[in-house]
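> Need coordinates for the below:
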Amino acid sequence: MAVDPVCKMQVSEQGSIKAEHDGQMFYFCSEHCRQKFLVQKNRGGASSPEKRPSSGPVYTCPMHPEVEQDHPGDCPKCGMTLESQNVDNAEEEEQKESRSLARKFWIGLVFAVPVFILALQEMIPAFSFKGLISSKFSGWLQFILATPVVFWAGGFFYTRAWKSIVNRSLNMFTLIAMGVSVAYFYSAIALVFPQIFPESFRMGGELGLYFEAAVFITVLVIFGQYLEARARAKTGQAIKALLGLAAKNAHRLKDGKEEEIPVDDIQKGDFLRVRPGEKVPLDGVITEGKSTIDESMISGEPTPVEKKAGDRVIGATVNQTGAFVMKTEKIGSETLLSQIIHMVSDAQRSRAPIQGLVDKVAGYFVPVVILVSLITFIVWLIWGPKPALAYALVNAISVLIIACPCALGLATPMSIMVGVGRGAKAGILVKNAEALEKAEKITYVLTDKTGTLTEGKPRVTANYLSAGIDEKYLFEIAGSLEKSSEHPLARAVVDYAKEKGINLKDIQGFESVTGGGVKGKLKGQDVFLGKDKFIEGLTGKLPDDLMKQATDFQEKAQTVVWVGVDKKVIGILGISDPIKKTSLAAIEELHRLGLKVIMLTGDNKKTAQVIAKELKIDDVRSELAPQDKQKIVKELKAQGALVMVAGDGINDAPALAEAEVGVAMGTGTDVAIKSAGITLVKGDLQGIVKVLKLSRVVMRNIRQNLFFAFIYNAVGVPVAAGILYPFFGVLLSPMIAGAAMSFSSVSVIGNSLRLRRLEL
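Okay, the predicted model is just below:
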């Protein structure tokens, strides 16, 4: 056995997914883990700014989640402020950034307003101050007021622009810094050295100054950054809300006494009393008492769930009607709530495949904009009206400012962050954005039976004994064998045996045969239990009377389990698992969405067909081993189908990993959950419908954002270049371009935030 280096699961070296790195072979439970491992390894050595810190806080970029470092700063690719992934101090970091931007905006605005008023005398004769102050004095006053705005309030533009050049990743701050610099430095040179400019550059004998453009572009961009930071903070509210669900204190029973202690002090095995109205402190199992529990904050379902002794309870859910005592089984990061928070955080930082197209476009975008700005300058300088230089500068600056790629870069990650958070509130845990994008396009849903279509709480409802066999003897063997098994049906046999008061024994040499059954030794005899083919391989031909009775059980949708001792069959058990009330409605909804539904099960053909007919399933494949399920997925994919697999057991893990989208039921095994791209906390097929709806709405939202970003630049850049001037005499002021650029990013974020109100 080997250990998956990503999820730390034990995996077999035979038949598992492999990858070689630095001459060493690694083994993985799924393709997702393999890809994640390779991406992490390929990020580089110690000098790489993107290498994930081994410990301590992590700061990452919302547009480029692969960029990580252990201290606050700016993204070397896009220039955005890195966000803390430590949910405990993320809010403090966000408030700090917002306060800093707000301070820069208001101080910058105070300096910018008089610059604008002074500039009015040049633009609007009615506002002329020539009788009060000279143009020279006005120019120097504008220079003095504009300088702190450009280099103090807007100083971070230049820092980020320089980083973009050093890292060869030109971005929005490259364009902003160029535009502001051209306006500011041209004006400063014209003020200090006016004699170097030819007479043709003058209007009314004076050179035009553009300090007002420089300061207002700076102020407007800062304002846009402030609004963007405020809006972006809302995308992390899903994790903050999940953190707020956790209980703070608990009532521990120890040495016959009850004490109230912080949840952080609870250990595994502690017994806790939970009263009506209190939150369940941690994950565990009820040992005495019964109640109804509101699990809506975890599953998204408002109906309270009845719980009794032996039932599991989840931390952060709310106890309603009765008091009970529970035994703690999971603490800290092991709890379901902690795992949800971790999965949501990872998924919000993952990249959807569509982001690859955006990255490719963005890679060419800034150089093309700079080229368009340069062409605009040359065209206006050669063919523009007098003063040609003034027109050339204004239009070239407008092109640089309006063509900000920030909205384009935010289009995908903002939708993913909000969509993943909304899904978490509805009990849909998305492991990565790729799964969410692929879910939109699937054509087949392949679903397991036990625990997915059915309740997953099977019970022994019938049995049939061979001649001369005592029922107690049958269940002693069956219960003892199943005591060590992880199969969902095993619990039903063990519970039934205990209800009969049978004392179960330990099995020597216990062996589980995947897809077949279990066997071992009890009191020196070979004992075995499982499917008919497995038993037939051990005993030879099965008795006719038992075969006939097995057929009767199967026609009643009962799963048949065969029991044998020393190459002899001693009886069969009929086990029933009720169909979930929501399964039929969910399958009908999937059909309305145009999907084909296939049931995959290891159960016998007759039982499977009875259930498939009742649920109106398109196709059914029965008596399958785990590798058979995986093979069916491969066959459908080879035919061009896009496959989603839903399951909850260890035997579903290979198929979940093979599918385009694997959906694990949260009620299932850890192996199934780790192999899937999406987990449904409630373990209900109705959740598949919610997944598809979430996927389609999120992807539509991303396309809307991309449309806004592309159409904005497609229209804005030509207008800024002056294409309307020959026809309508319309030119775009750099200040208006700056305002439009800032609010374009805010509009993309605002559209993404609509997903928080999505009904699932």
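> going forward, measure contacts between C-alpha atoms and count neighbours the same way
Noted.
> What helix or strand is residue 691 located in?
Residue 691 is part of helix 686-721 when elements are defined by DSSP states H and E.
> For that helix, name the packing helices and strands.
helix 388-402, helix 406-425, strand 428-430, helix 433-439, helix 583-592, helix 734-753 (3 or more CA pairs under 8 Å, 6 or more residues apart in numbering; DSSP states H and E).
> just how off-centre is that helix within its chain?
With CA atoms, centre = their mean, to the nearest Å as the basis, helix 686-721 stands 18 Å off its chain's centre.
> Could you pull up the mean pLDDT of that helix?
Mean pLDDT, helix 686-721: 88.
> got the angle for it vs helix 583-592?
30 degrees (axes from the mean of the first three to the mean of the last three CA atoms, to 10 degrees).
> Report the buried residues of helix 686-721.
686-699, 701-706, 708-709, 712-713, 716-717, 719-721 (16 or more other CA atoms under 10 Å).
> Outside of stretch 533-550 itself, list whatever touches it.
464, 466, 516-517, 528-529, 532, 560, 562-564, 567-569, 571-572, 574 (CA atoms under 8 Å, 6 or more residues apart in numbering).
> Quick check: strands, which of the residues you listed are part of them?
If you go by DSSP state E, those have 464, 517, 528-529, 560, 562-564, 568-569, 571-572, 574 in strands.
> ok, these vs residue 134, which is closest?
Among the ones in strands among the contacts of stretch 533-550, residue 517 lies closest to residue 134 (CA to CA), at 98.2 Å.
> what about that closest one, how many neighbours?
Here the count is done by other CA atoms under 10 Å, and residue 517 has 23 residues near it.
> what sits against it?
Residue 517 touches 528, 529, 530, 531, 534, counting by CA under 8 Å, 6+ apart.
> out of those residues, who has the most neighbours?
residue 528 leads the contacts of residue 517 on contacts (other CA under 10 Å) with 29 neighbours.
> Helices along the stretch 251-400 of the chain, start to end?
296-299, 336-349, 354-383, 388-402 (DSSP state H, counting those that start in this stretch).
> Buried residues of the third one, list them for me.
Spelled out, it's helix 354-383. 355, 358, 362, 365-366, 369-370, 372-374, 376-378, 380-381.
> any idea of the angle that helix forms with helix 406-425?
160 degrees.
> Among the ones in strands among the contacts of stretch 533-550, show me the least confident.
Among the ones in strands among the contacts of stretch 533-550, residue 517 has the weakest pLDDT, 86.
> what bridges to that one?
residue 513, residue 530 (DSSP bridges).
> All further residue positions should be reported with the first residue as 363.
Sounds good: first residue 363 from here, last item residue 879.
> mind checking how far it is from residue 858?
Separation of residue 879 from residue 858 (CA to CA, to the nearest Å): 19 Å.
> tell me which element residue 824 falls in.
Residue 824 belongs to strand 821-827, assigned by DSSP H and E.
> which helices and strands does that strand pack with?
helix 850-861, strand 930-938.
> From the contact counts, what lies against the shortest one?
In terms of contacts (3+ CA pairs under 8 Å, 6+ apart), strand 930-938 is packed against strand 821-827, helix 894-901, helix 906-917, strand 921-927.
> Can I get those in JSON lines including distance to residue 458?
Output for the helices and strands packed on strand 930-938, formatted as JSON lines (distance: least, CA to CA, whole Å):
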{"stretch": "strand 821-827", "distance to residue 458": "58"}
{"stretch": "helix 894-901", "distance to residue 458": "66"}
{"stretch": "helix 906-917", "distance to residue 458": "66"}
{"stretch": "strand 921-927", "distance to residue 458": "61"}
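> hey, which of these is tucked in deepest?
Comparing the helices and strands packed on strand 930-938 by mean neighbour count (mean count of other CA atoms under 10 Å), strand 921-927 ranks first with a mean of 25.
> List the strands paired with it, with their directions.
Strand 921-927 has these strand partners (DSSP bridges): strand 887-892 (antiparallel), strand 930-938 (antiparallel).
> in stretch 847-865, what counts as buried?
For stretch 847-865, by 16+ other CA under 10 Å, it's 847, 849, 850, 851, 852, 853, 854, 855, 856, 858, 859, 864.
> Would you format those residues as CSV with pLDDT and distance to residue 545 included?
Converted to CSV, the buried residues of stretch 847-865 look like this (pLDDT from 0 to 100; distance: CA to CA, whole Å):
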residue, pLDDT, distance to residue 545
847, 77, 75
849, 70, 73
850, 66, 72
851, 76, 76
852, 84, 77
853, 82, 76
854, 86, 78
855, 91, 81
856, 90, 81
858, 90, 84
859, 90, 86
864, 88, 90
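> where are the low-confidence patches of the stretch 663-812 of the chain?
Within the stretch 663-812 of the chain, the ranges that satisfy pLDDT under 70 run 663-665, 702, 704-714, 717-718, 720-721, 724-725, 766-768, 771.
> Are we agreed that residue 577 is in a helix?
Yes - counting by DSSP: H, G, I helix; E, B strand; the rest coil, one finds residue 577 located in a helix.
> OK, contacts around it?
Residue 577 neighbours (CA under 8 Å, 6+ apart): 470, 474, 477, 508, 511, 512, 542.
> ok, now residue 742?
750, 751, 753, 754.
> One more pass at 7 Å, please.
750, 753, 754 (CA atoms under 7 Å, 6 or more residues apart in numbering).
> right, and the first one touches residue 739 too?
Which is residue 750. No - assessed by CA atoms under 7 Å, residue 750 is found out of contact with residue 739, at 9.4 Å.
> hey, where'd the strands end up in the stretch 413-562 of the chain?
421-422, 430-431, 445-446 (DSSP state E, counting those that start in this stretch).
> mind listing the helices in the stretch 413-562 of the chain by residue range?
So, for the stretch 413-562 of the chain - with DSSP H, counting those that start in this stretch - the helices run 452-485, 497-510, 517-528, 534-554.
> Residue 672: which of those helices is closest?
helix 452-485 (39.0 Å).
> Tell me which helix or strand residue 587 sits in.
helix 573-595.
> got the angle for that helix vs helix 452-485?
160 degrees.
> now the angle from helix 573-595 to helix 750-764?
Using the same axes, to 10 degrees: helix 573-595 against helix 750-764 is 10 degrees.
> closest one to residue 436 among the strands paired with strand 921-927?
strand 930-938 (59.1 Å).
> Kindly format the C-alpha coordinates of that closest one as PDB.
Extracted C-alpha coordinates of strand 930-938, given in PDB (Å, rounded to 0.1, in the frame of the first residue of the first chain):
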ATOM      1  CA  LYS A 930     -22.400 -26.000   2.600                       C
ATOM      2  CA  VAL A 931     -25.100 -23.300   2.300                       C
ATOM      3  CA  ILE A 932     -27.000 -23.000   5.500                       C
ATOM      4  CA  GLY A 933     -29.500 -20.200   4.600                       C
ATOM      5  CA  ILE A 934     -30.300 -16.900   2.900                       C
ATOM      6  CA  LEU A 935     -31.200 -13.500   4.200                       C
ATOM      7  CA  GLY A 936     -33.600 -11.000   2.600                       C
ATOM      8  CA  ILE A 937     -32.600  -7.400   3.200                       C
ATOM      9  CA  SER A 938     -34.800  -4.400   2.200                       C
END
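> Centre of the chain to that strand, how far?
Worked out by CA atoms, centre = their mean, strand 930-938 lies 45 Å from the chain centre.
> got a list of contacts for it?
Strand 930-938 has contacts (CA under 7 Å, 6+ apart) with 820-828, 831, 901, 915, 919-926.
> low pLDDT regions in the stretch 913-1062 of the chain?
988, 1010-1015, 1028-1037, 1045.
> Could you rerun that using 80?
Where the stretch 913-1062 of the chain drops to pLDDT under 80, the residues are 964-966, 987-989, 1009-1016, 1019, 1027-1039, 1043-1046.
> if we can go back for a sec, out of the helices and strands packed on strand 821-827, flag the one nearest residue 1006.
helix 850-861 (22.3 Å).
> hmm, back to that, what about the helices and strands packed on strand 821-827, which gets the closest to residue 653?
helix 850-861 (21.3 Å).
> Can you list the neighbours in contact with that closest one?
818, 820, 821, 822, 837, 840, 841, 844, 845.
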